[in-house]
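Peer 1: what follows is a predicted protein model with its sequence.
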There are 2 protein chains.
Amino acid sequence: MNIVLLQNKLKEGLGIIGRGTSKSTSLPILKNILFNVKDDFLNISATDLEIAIKWWTLVKSGKDGSITVPYNSLSSFVNLLPDKKINLNVENNNLFIDCEDYKTQINSISADEFPIIPIVKEKEKVKINSNMLCDSLLQIIDIPSLSKVKPEISGVLFFFNKGELKLVATDSYRLAEKKVFIKNQTTGSFSFIIPQRTAREVVNIFKDFSKDIDIVFGDNQILFKVKMDDFDQSQIELTSKIIEGNYPNYEAIIPKEYKTQIVLDREEFLNKVKAASVFTSKVNEVNLEFSPEQGEVVIKSSNNDLGNYTAKTSGRAEGEEVKISFNYRFLLDGLLSTKSSEIIFEVSDESSPGVIKPVGRSDFLYVVMPIKN
Amino acid sequence: MNIVLLQNKLKEGLGIIGRGTSKSTSLPILKNILFNVKDDFLNISATDLEIAIKWWTLVKSGKDGSITVPYNSLSSFVNLLPDKKINLNVENNNLFIDCEDYKTQINSISADEFPIIPIVKEKEKVKINSNMLCDSLLQIIDIPSLSKVKPEISGVLFFFNKGELKLVATDSYRLAEKKVFIKNQTTGSFSFIIPQRTAREVVNIFKDFSKDIDIVFGDNQILFKVKMDDFDQSQIELTSKIIEGNYPNYEAIIPKEYKTQIVLDREEFLNKVKAASVFTSKVNEVNLEFSPEQGEVVIKSSNNDLGNYTAKTSGRAEGEEVKISFNYRFLLDGLLSTKSSEIIFEVSDESSPGVIKPVGRSDFLYVVMPIKN
């Protein structure tokens, strides 16, 4: 293997695939990344056997071939090189890197020892804007529970139906649903669950690009693919296992009615819940008193050791007086994820879930269970 | 105690004194801060018995008095309040905080239980610009060794002589000396050692202000004092213990001569040492080969598991060929602290210390011991 490419290009590729390497020491080869050169394409890949990330680009190649090298050392080193031409050359199973005054030899492991990255057999394919997908995932990504008892809620549900994708996450204390527009019609409806970690990596890798992502759904595998640059034909692929099992019938959990509704300034309410959090006890309990007649919500918290707190916030309200308590963390998460300056908060009684929604758009809702006394 | 002040002002004061509170749980009162109101001045203080930080300001006061409250909760809470008038009121040993819609009661501890902060009896007093002092401390602050065997080198030496202050730090592997201009003449020469932690807090508290710091030196105590604002008469005081014992005769360690000198571009050399660090073994050894005839330094490192590295950097050189090895961390620290675009590097032989100095100024030098083979 012998190629020449610019430092900046190699740095870009290494930056993208790095998160696919394994942190575990049980299989040292997973700390390495695979370089493969064929027909003037450099393809570098990393995998931890759960996910795999590939990046490729057109390069000036003198000789095809492949090798694996330790990711951390290579990446630290390449980041320190000047943005000039780098020559990568494999001899006797070692990688030699030359860049201006710098000459380095990195001990390597044969490409034969690198795991084979599965090819996803396409059953369905969807096209979606990467910004839109990543922003939407960010609204729900922290919710899934990592409990091993219910693996199906440890991931994010992707539910496609015609021109729409619903992203759903729950940990059984709260649930969020986000609707995203997709660019092509799907033939029917289909769904799969991706691990929370995969969702995070999709966001990490693709969030800064406004490109089309192809989502290819196959047997037990999912592939996210983006063409980055027409000129050097660079491309990124993220392959991941999907979670087996059926997602719970989450729509049954979303309340169809409410007794009391109030429209609040999001920022102000958020701040007053945050301030209440300073005075909560171990269960993180914040008490809300909805008073539609006064058009306000009173926010209270107290802690025997520390003291107590009261604040109120005004809004347009309808319905009955309701007292209800929530875990402040779940309230904050919902308020932070609801992207509008005003929010709608709907409740019924102290033991029924509350619903938070944006004002002026119907693409998001957040259901949160109360703390029952 | 009953006062009114703006949220922003209280937030400023709490931000400054916070680092004086104790992290230890053995004396819970040290997690509290003392509020004291007298003659329209609010004085808040924190101490962990090693250092003490005080901040005061003119306020609208209804009633004198004092109380202590838990710092963390108070500070988190105040930071979330809007920048409006805050009323602080003590009743039955509890602090009541009112700010617009927010009403809070914080459980408090009587001021009698708060330790007395020592008053520094002035033996010497020096005036120095805070920016200049902090920037200078930053150049040497990471060097002191925290070894308990030699407590005197666990701090920073302040050595005053006429119009000059020398700041010195060493861990016996390297030593840095920084000279700072002071605004007033001192009567004679005198010196003291302040704990590294105190030096860090001086930097943390005063680095963003361009004000005069008064340094007051007393028996076993040192006081750093800054008047912040003439209008509200706000002021900050940091009191600290000093380290007893005599600082080693460090000037004897500084080489008076050299065999080889080279002037190098700092940024380039720094980068090439950083890149070398990727390939060092456990002792962090980087090998330098000074070749005055070629006008260059060759930088090498190698690691049996990982591979090896060579780079070179050019400069104006004189003297003999010298091969010498250093711990790359110590080299990097010295290069990062030497604030000039070109640096002078002087060496003699493989077992004598090297010296790094800025080009064009004589206010800093960094002595570094080689790794002997």
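Peer 2: Yes, it's here. Just so it is clear, the model here is predicted, and its values are computed rather than measured. Residues are numbered from 1 along each chain as shown, chains lettered A, B, ... in the order given.

Peer 1: CA atoms for contacts and neighbours, from now on please.
Peer 2: OK.

Peer 1: can you list the residues of chain A near chain B?
Peer 2: For chain A, the residues in contact with chain B under the definition CA under 8 Å from any CA of the partner chain are A:73, A:76-77, A:80-81, A:101-107, A:271-272, A:274-275, A:278-279, A:305-313.

Peer 1: which among those residues end up buried?
Peer 2: Neighbour counting over those (16 or more other CA atoms under 10 Å in any protein chain shown) leaves A:73, A:76-77, A:80-81, A:102-107, A:272, A:274-275, A:278-279, A:306-313 as the buried ones.

Peer 1: please name the nearest non-neighbouring residue to the one residue in the stretch 151-300 of chain A that gets nearest to chain B.
Peer 2: Per CA to the nearest CA, the residue of the stretch 151-300 of chain A with the smallest distance to chain B is A:Ala275, at 5.6 Å. Closest residue to A:Ala275 in three dimensions, ignoring its sequence neighbours and counting by CA to CA, 6 or more residues apart in numbering or on different chains: B:Phe77, at 5.6 Å.

Peer 1: what's the answer for A:Pro82, then?
Peer 2: Nearest non-adjacent residue to A:Pro82, counting by CA to CA, 6+ apart: A:Gln7, 6.8 Å away.

Peer 1: doesn't the residue nearest to A:Ala275 belong to a helix?
Peer 2: Yes - using DSSP: H, G, I helix; E, B strand; the rest coil, the assignment for B:Phe77 is a helix.

Peer 1: distance of it from B:Ala111?
Peer 2: Using CA to CA, to the nearest Å, one obtains 21 Å as the distance from B:Phe77 to B:Ala111.

Peer 1: what strands line up against the longest strand along chain A, and which way round?
Peer 2: Selection of the longest strand in chain A by residue count, based on DSSP state E, yields strand A:307-319. Strand A:307-319 pairs in its sheet with strand A:260-265 (antiparallel), strand A:296-303 (antiparallel), strand B:102-107 (antiparallel), by DSSP bridges.

Peer 1: can I get the next helix-or-strand element following that strand in PDB? Just the C-alpha atoms.
Peer 2: On the C-terminal side of strand A:307-319, the nearest following helix or strand under DSSP states H and E is strand A:322-327. Taking only C-alpha atoms (Å, rounded to 0.1, in the frame of the first residue of the first chain), the coordinates of strand A:322-327 have been written out as PDB:
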ATOM      1  CA  VAL A 322     -54.700  20.700  40.000                       C
ATOM      2  CA  LYS A 323     -51.900  19.900  42.400                       C
ATOM      3  CA  ILE A 324     -49.300  17.600  40.900                       C
ATOM      4  CA  SER A 325     -45.600  16.700  41.600                       C
ATOM      5  CA  PHE A 326     -42.900  15.800  39.200                       C
ATOM      6  CA  ASN A 327     -39.200  14.800  39.300                       C
END
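
Peer 1: what helices or strands is strand A:322-327 leaning on?
Peer 2: With contacts taken as 3 or more CA pairs under 8 Å, 6 or more residues apart in numbering or on different chains; DSSP states H and E, strand A:322-327 sits against strand A:285-291.

Peer 1: now do the strand it packs on against strand A:260-265, angle only.
Peer 2: 100 degrees (axes from the mean of the first three to the mean of the last three CA atoms, to 10 degrees).

Peer 1: got the domain boundaries for chain A?
Peer 2: If you go by automatic domain parsing, the domain ranges for chain A are A:2-113, A:124-251, A:255-368.

Peer 1: pipe those into a markdown table and attach mean pLDDT per row.
Peer 2: Shown next, in a markdown table, are the domains of chain A (pLDDT from 0 to 100):
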| stretch | mean pLDDT |
| --- | --- |
| domain A:2-113 | 95 |
| domain A:124-251 | 93 |
| domain A:255-368 | 97 |
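
Peer 1: need the residues that contact the host helix or strand of A:Leu165.
Peer 2: Following DSSP H and E, the helix or strand that holds A:Leu165 is strand A:164-170. Outside strand A:164-170, the residues that touch it by CA atoms under 8 Å, 6 or more residues apart in numbering or on different chains are A:136-137, A:140-141, A:143-145, A:153, A:155-160, A:175-182.

Peer 1: tell me which strands that strand pairs with, and in which orientation.
Peer 2: Strand A:164-170 has its sheet partners listed here by DSSP bridges as strand A:155-161 (antiparallel), strand A:174-181 (antiparallel).

Peer 1: turn the ones you listed into CSV, including mean neighbour count and distance to A:Ile97.
Peer 2: Written out in CSV, the entries for the strands paired with strand A:164-170 read as follows (neighbours: other CA atoms under 10 Å in any protein chain shown; distance: least, CA to CA, whole Å):
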stretch, mean neighbour count, distance to A:Ile97
strand A:155-161, 22, 41
strand A:174-181, 21, 45
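
Peer 1: for those strands, which one sits closest to A:Gly20?
Peer 2: Using CA to CA as the criterion, the shortest distance between A:Gly20 and those is 18.0 Å, found for strand A:155-161.

Peer 1: centre of the chain to the closest one, how far?
Peer 2: 13 Å (CA atoms, centre = their mean, to the nearest Å).

Peer 1: how about exporting that strand as CSV, limited to the C-alpha atoms?
Peer 2: Output of strand A:155-161 as CSV, limited to C-alpha atoms (Å, rounded to 0.1, in the frame of the first residue of the first chain):
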residue,chain,number,x,y,z
GLY,A,155,-33.1,2.3,22.1
VAL,A,156,-34.8,4.8,19.8
LEU,A,157,-37.8,3.7,17.8
PHE,A,158,-37.8,4.7,14.1
PHE,A,159,-41.3,4.3,12.8
PHE,A,160,-41.8,5.1,9.1
ASN,A,161,-45.2,5.6,7.6
